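Asks: When you get a sec, could you give me coordinates for this:
(2 chains)
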Amino acid sequence: MADAERLIRLLDATAGGDQRAFRDLYDSSSAHLFGLLVRMLKRRDWAEEALQDCYLKIWQKADSYAPEKGAPLTWLMTVARYRALDLLRQKRPEVELPDESEAAPMTFADEDSAIDPESGAIAQEGVGRLSDCMQDLQDEQRRSVLLAYYEGYTHQELAQVLNAPLGTVKSWVRRGLQRLRECLGQ
Amino acid sequence: MKIEEAKLKQVLAAEYVLGTLRGGARRRFLGLLKTRTDLQAEVRYWESRLAALQAGFKPEAPRAVVWAEIDRRINAVTVTPLKPATAGSTGALQFWRAWAGVATAASAILALALYRQANLPPPAPQIVRVEVPVAQPLPYVAMLQPEGADAKWMVSVSPERKLIKVAATGGYSLPSSECLELWVIGDDGKPSSLGVLPMDGEGQMAMPRGLNMPAKPVLAVSKEPIGGSPTGLPTGPVILAAPALRAS
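Replies: Next comes the predicted model:
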């Protein structure tokens, strides 16, 4: 894992147009981003293309990083993960299904929870607690959430991989996330 | 959309970050996300919580060719950094002074004056299109030509390469205590300094950090005390304004 303070310095210098710092930043972080992209995109040529896109974006948008937003490597990998999701949408476009959020609103359990998502203290604690909360999920819920996170699977792909009806899979994902939210937000 | 429901909001944000929100639902969520700070906070919440899973990705070194392509795309032409001129030095770069910082506040009166100047029909500065042999996209370009002088500045701004280039020709008479400062006027009418214009020769300079090019950039030049505006905003008369066009 690259040293966070060093990455913050390199990002800061990159924001100022320092190409040598940008090269150092790339050398220190690209393997992490590339590992993510290869896993999610499955194809090395797509992953290489995506890695270029990511670093061009980082070169242009380095000034939008602020240490308050989290660890620098987390920020860089978040850029990569969104890029991978974008490419998966373009390259594996799914058939548009009737949109459930318009026709029949998603339904939820009734619990009231007063959660303040902007509380930095809660957010910090939550990161450390994620794996505990994951263990609290039902197996199918946990597997769905993790497959979506690591493989970028859509609901349809999850249904195929898990050999379950689409509606069931959607509810595994949704309820898994709701439970995580309840567990993490407490 | 019944997005007011707190739990629906949470789960939509979660599915967006996870990547399972697709199609029309995703597009509508993105539309709302632009303005809704509560949704932005939910997205940040999930980004930071799920980030713990990032440790599960196995690092893998990319081939060297990937960096080579990134380098080529940000830097298609060799950049020769300009050294700040020192007082009393001679040569073409003598007038390429230290560049001023980015303006952060606005002057409504100035913006209005600039806007009117930018929209004056016949004496408006001449705009040229330039073929530049570099990788796409091409820079914004403007030819700045004040009235009543034969001075011309060819300015190109390349946000992708964070680079501003200026080539000055002709002459412009100015007291030795003054300089000309280049500004870009944002879509909101706010000027941001791009730096001090050279009085002759050519130079290039990194774009001031944090500066985003507006959708329809207008460049303007004002007279300032030597070294540039002390306030970060134009303080002297504006001698010209012209739109910068992106060659395509």
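
Asks: Could you list the low-confidence segments of chain A?
Replies: A:1-2, A:93-128, A:186 (pLDDT under 70).

Asks: Break down it into its helices, ranges please.
Replies: Secondary structure of chain A (DSSP state H): helices located at A:4-15, A:19-41, A:44-61, A:72-91, A:100-103, A:120-136, A:139-151, A:155-162, A:166-185.

Asks: Okay, buried residues for the third one please.
Replies: This points to helix A:44-61. Buried positions in helix A:44-61, judged by neighbour count with 16 or more other CB atoms under 10 Å in any protein chain shown: A:46-55, A:58-60. (Glycine included, C-beta is placed from N, CA and C.)

Asks: What of the fourth one?
Replies: Residues of helix A:72-91 classed as buried under the neighbour-count rule (16+ other CB under 10 Å) are A:72-85, A:87-89.

Asks: if we can go back for a sec, make JSON lines out of the helices of chain A and add distance to chain B.
Replies: Compiled in JSON lines, the helices of chain A are given as follows (distance: least, CB to the nearest CB, whole Å):
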{"stretch": "helix A:4-15", "distance to chain B": "5"}
{"stretch": "helix A:19-41", "distance to chain B": "4"}
{"stretch": "helix A:44-61", "distance to chain B": "5"}
{"stretch": "helix A:72-91", "distance to chain B": "4"}
{"stretch": "helix A:100-103", "distance to chain B": "5"}
{"stretch": "helix A:120-136", "distance to chain B": "4"}
{"stretch": "helix A:139-151", "distance to chain B": "5"}
{"stretch": "helix A:155-162", "distance to chain B": "6"}
{"stretch": "helix A:166-185", "distance to chain B": "4"}
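
Asks: Distance to residue B:191 added to those, as CSV?
Replies: Formatted as CSV, those follow (distance: least, CB to CB, whole Å):
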stretch, distance to residue B:191
helix A:4-15, 21
helix A:19-41, 28
helix A:44-61, 22
helix A:72-91, 31
helix A:100-103, 44
helix A:120-136, 35
helix A:139-151, 45
helix A:155-162, 49
helix A:166-185, 45
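
Asks: For residue B:156, which of those helices is the nearest?
Replies: For residue B:156, the closest of the helices of chain A is helix A:44-61, at 17.2 Å, according to CB to CB.

Asks: counting contacts, what elements does that closest one pack onto?
Replies: Helix A:44-61 sits against helix A:4-15, helix A:19-41, helix A:72-91, helix B:64-74, with contacts defined as 3 or more CB pairs under 8 Å, 6 or more residues apart in numbering or on different chains; DSSP states H and E.

Asks: could I get the ones you listed as CSV with distance to residue B:212?
Replies: Formatted as CSV, the helices and strands packed on helix A:44-61 follow (distance: least, CB to CB, whole Å):
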stretch, distance to residue B:212
helix A:4-15, 12
helix A:19-41, 18
helix A:72-91, 18
helix B:64-74, 17
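
Asks: Of all those helices, which one comes closest to residue B:177?
Replies: Closest approach to residue B:177 among the helices and strands packed on helix A:44-61 is made by helix A:4-15 (33.7 Å; CB to CB).

Asks: Give me the angle between that closest one and helix A:44-61.
Replies: Relative orientation of helix A:4-15 and helix A:44-61, computed by axes from the mean of the first three to the mean of the last three CA atoms, to 10 degrees: 70 degrees.

Asks: thinking in terms of the whole chain, how far from its middle is helix A:4-15?
Replies: Put simply, helix A:4-15 sits 22 Å off its chain's centre (CA atoms, centre = their mean, to the nearest Å).

Asks: same thing with stretch A:61-70?
Replies: With CA atoms, centre = their mean, you get 17 Å for stretch A:61-70.

Asks: Stretch B:232-248 now?
Replies: Centroid displacement of stretch B:232-248 relative to its chain, using CA atoms, centre = their mean, is 12 Å.

Asks: Relative to residue B:141, how far out is residue A:77?
Replies: For residue A:77, the distance to residue B:141 (CB to CB, to the nearest Å) stands at 37 Å.

Asks: the strands in chain B, which residues?
Replies: In chain B, the strands defined using DSSP state E lie at B:140-144, B:152-158, B:163-169, B:178-185, B:191-196, B:201-206, B:218-225, B:238-243, B:245-246.

Asks: Tell me which strands the fourth one pairs with, and in which orientation.
Replies: In other words, strand B:178-185. strand B:191-196 (antiparallel), strand B:218-225 (antiparallel) (DSSP bridges).

Asks: tell me the angle the first one makes with strand B:152-158.
Replies: In other words, strand B:191-196. Using the same axes, to 10 degrees: strand B:191-196 against strand B:152-158 is 110 degrees.

Asks: for the longest one, same thing?
Replies: An angle of 120 degrees separates the directions of strand B:218-225 and strand B:152-158 when computed by the same axes, to 10 degrees.

Asks: List the buried residues in strand B:218-225.
Replies: Quick answer for strand B:218-225 (16+ other CB under 10 Å): B:218-224.

Asks: Can you tell me which of these lies closest to residue B:165?
Replies: residue B:219 (12.9 Å).

Asks: Contacts only, for that closest one.
Replies: Neighbour list for residue B:219: B:142, B:144, B:155, B:182-185, B:194, B:241-244 [criterion: CB atoms under 8 Å, 6 or more residues apart in numbering or on different chains].

Asks: Flag the shaky bits of chain B, pLDDT-wise.
Replies: B:1-4, B:76-136, B:247-248.

Asks: Tell me, how many residues neighbour the closest residue to residue B:32 other than its chain neighbours?
Replies: Leaving aside its chain neighbours, residue B:32 sits nearest to residue B:39 (5.8 Å; criterion: CB to CB, 6 or more residues apart in numbering or on different chains). The number of residues packed near residue B:39 is 20, by other CB atoms under 10 Å in any protein chain shown.

Asks: Chain A versus residue B:39, what's the distance?
Replies: 10 Å (CB to the nearest CB, to the nearest Å).

Asks: residues in contact with that residue?
Replies: B:3, B:9, B:12-13, B:29, B:32-33.

Asks: Give the buried subset of the residues you listed as a PyMOL selection command.
Replies: The PyMOL command for the buried members of these (criterion: 16+ other CB under 10 Å) is given here:
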select buried, chain B and resi 3+9+12+13+29+33
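
Asks: which residues touch the nearest residue to residue A:60 once chain neighbours are set aside?
Replies: Nearest residue to residue A:60 in three dimensions, chain neighbours excluded: residue B:160, at 6.7 Å (CB to CB, 6+ apart). Going by CB under 8 Å, 6+ apart, residue B:160 touches A:56, A:60, B:73-74, B:137.
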